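Trainee: below: sequence and its predicted model.
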Amino acid sequence: MELPLNLFRKLLIFANVLLLVSVGSATEALASSSTSKDASPVASLSQLDQILAKSIKRSNLPTDLVPSLLKISHNQDVQGSAYLHDSCDPYVNNSEALNPVPCWYGSETAKRTVVIFGDSFVGNWIPALNIAGKKLDFRVAEFEFQGCPTNFIRPSRPIAGFDQNEINACVIFHKNLPKAVDKIRPLAVIAASSEGSWGAGTAGTRYFVTTLRDTFDELSSTTNHPVRILLGTGPLLSQPAPSCLESHPNNINLCNFSYTAESVFGIGLARDNAAILGASVHLIATYKWICLNGVCPAVIGNIDVYADADHLTISISKFLSVVLEKAITPLLNTPIS
C-alpha cells in the first residue's frame, strides 16, 4: 500500500536519522565529506555515459560522497524544493493558492521568461534550470505545489495524504495558475511531476496524454502560446537510496534501480513518448541522464543521486545543468505555433 506523500516524507526523515545515529564511527567518517564542493557539471552526453557505465559497476561507497549520508539525512535540505520561499510555496501556506506567485531563478535581467510548474519534482530541476537560465539569458518562474497533482484535477478527486484544506488549496491553485502564467507571458512552459501525478499505472496512457494536453491548453491563451516542454518521468526506487547506501557501503550496486520495457517505469517512458504527438509537447527524456542500459545507479561519480526514493539532490541537478542547457536551447528557439 502506498503511503501518503507527506506522511512518507516524515517517516523517511525519522528512519534516516535513526539509522545514522546507530552507525557510530562509520558515519562520523562519512560526515567529513559534507563540506565537499559540488563536482563541475558534466560537459556532454558521451562523457556522462562513460561516468554512468563506471558508476553502475562500482561496489564501494565513495569516501567523498556528495552530499554525505549525514547531511542527506535532512533530505529536505539537499533537494531543490529547499530553494522555495514561504511567499511562493502554497504547500506551506495554502492561502498562496489564491494568488500564485512564482519563485524566480535564472537571469535577473533577462527579457525572456520560462515557467516551470508541477509538484515536488519541479525541485529536481530547479538547480539545473537556475544555472542554465543565467547562461542562456532567461528568467525562470517556478510554480511548485508539493503533493498537488500536476494535472488540473477537479474538486471531486481525492488527493492522497492531503487534508481537506490542502485539497481545496490544490484545486484553487489550479484554477488561478493560468492567470498567473498569462501575466508573465512566458516563452515556454515546462511541466515536471512525479510518476503518479498524471495517473500513472491506474489511468493509462490515454488519460495521461489527454490530461497533459488539456493542462497545457489552460496555460495558454488567445494571445500567448508558449512552447510546451515535458520533463520526462524519473525512477521511483523500491526504498530510499540514502538508507540503502547506509546498509550496503561495500556493495552499493544493490541500491541501483533496474527496469525493463514491461516494468512500471518502462511503461511510463513509453507514455511520455506518446505525449509528443498526442499532447503536442517537446519531451526532454531526463532518465537518459541518470540511467544507462536499463540501470539507474544510486551514486553517479561521487554524487548521491537521490535525496529519498525519487527526489534528486541539488548536487546531481547542478551536475546535469549543462546537458539540460543543451537539451533546452533548441526548444527555446522553436517558433511558437
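Mentor: Sure thing, it's come through. Residues are numbered from 1 along each chain as shown.
Trainee: which parts of the stretch 201-337 of the chain are strands?
Mentor: Ranges of strands in the stretch 201-337 of the chain, per DSSP state E, counting those that start in this stretch, are 227-231, 257-258, 282-284, 295-296, 299-300, 303-304.
Trainee: quick one: the strands in the stretch 1-150 of the chain, in order.
Mentor: Using DSSP E, counting those that start in this stretch, the strands of the stretch 1-150 of the chain run over residues 103-106, 112-118, 138-144.
Trainee: for the second one, packing partners?
Mentor: Think strand 112-118. Packed against strand 112-118 by the contact rule (3 or more Cβ pairs under 8 Å, 6 or more residues apart in numbering; DSSP states H and E) you find helix 122-136, strand 138-144, helix 164-184, strand 188-192. Quick note: C-beta positions are derived from backbone N, CA and C, even for glycine.
Trainee: now do the first one against strand 112-118, angle only.
Mentor: Between the direction of helix 122-136 and that of strand 112-118, the angle (axes from the mean of the first three to the mean of the last three Cα atoms, to 10 degrees) works out to 170 degrees.
Trainee: quote the end-to-end distance of stretch 128-148.
Mentor: Distance between the two ends of stretch 128-148: 22 Å, counting by Cα to Cα, to the nearest Å.
Trainee: from now on call the first residue 275
Mentor: Okay, residue one is now 275; in that scheme the one you just asked about reads as stretch 402-422.
Trainee: give the buried residues for it.
Mentor: Along stretch 402-422, these residues count as buried under the neighbour rule (16 or more other Cβ atoms under 10 Å): 402-408, 410, 412-422.
Trainee: list the residues that contact the residue lying closest to residue 371 once chain neighbours are set aside.
Mentor: Leaving aside its sequence neighbours, residue 371 sits nearest to residue 447 (Cβ to Cβ, 6 or more residues apart in numbering; 3.8 Å). Counting by Cβ atoms under 8 Å, 6 or more residues apart in numbering, residue 447 touches 364, 370-371, 374, 419, 422.
Trainee: now the helices: where do they sit in the stretch 475-611 of the chain?
Mentor: 478-492, 515-521, 538-552, 588-593, 595-606 (DSSP state H, counting those that start in this stretch).
Trainee: low-confidence ranges, the stretch 475-611 of the chain, go.
Mentor: For the stretch 475-611 of the chain, the stretches flagged by pLDDT under 70 are 475-478, 608-611.
Trainee: what do you get for the stretch 325-474 of the chain?
Mentor: Short version for the stretch 325-474 of the chain, where the test is pLDDT under 70: 348-350, 427-432, 469-474.
Trainee: now tabulate the contacts of residue 447 in TSV and tack on distance to residue 385.
Mentor: Formatted as TSV, the contacts of residue 447 follow (distance: Cβ to Cβ, whole Å):
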residue	distance to residue 385
364	27
370	26
371	29
374	22
419	27
422	30
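Trainee: about what we covered before: residue 539 is nearest to which of the helices and strands packed on strand 386-392?
Mentor: Closest to residue 539 of these, according to Cβ to Cβ: helix 396-410, at 15.5 Å.
Trainee: now that closest one against strand 412-418, angle please.
Mentor: 170 degrees.
Trainee: tell me what helix 396-410 is packed against?
Mentor: Contact analysis of helix 396-410 by 3+ Cβ pairs under 8 Å, 6+ apart lists strand 377-380, strand 386-392, strand 412-418, strand 462-466, helix 588-593, helix 595-606 as its packing neighbours.
Trainee: can you tell which of these is closest to residue 341?
Mentor: Closest of the helices and strands packed on helix 396-410 to residue 341 is helix 588-593, at 5.9 Å (criterion: Cβ to Cβ).
Trainee: what distance separates the closest one from the centre of its chain?
Mentor: The chain centre lies 11 Å from the centre of helix 588-593; the measure is Cα atoms, centre = their mean, to the nearest Å.
Trainee: next: stretch 523-531.
Mentor: With Cα atoms, centre = their mean as the basis, stretch 523-531 stands 22 Å off its chain's centre.
Trainee: what comes up buried for it?
Mentor: 523, 526-527, 529-531.
Trainee: and what of stretch 567-578?
Mentor: Residues 569-578 are the ones in stretch 567-578 that count as buried (16+ other Cβ under 10 Å).
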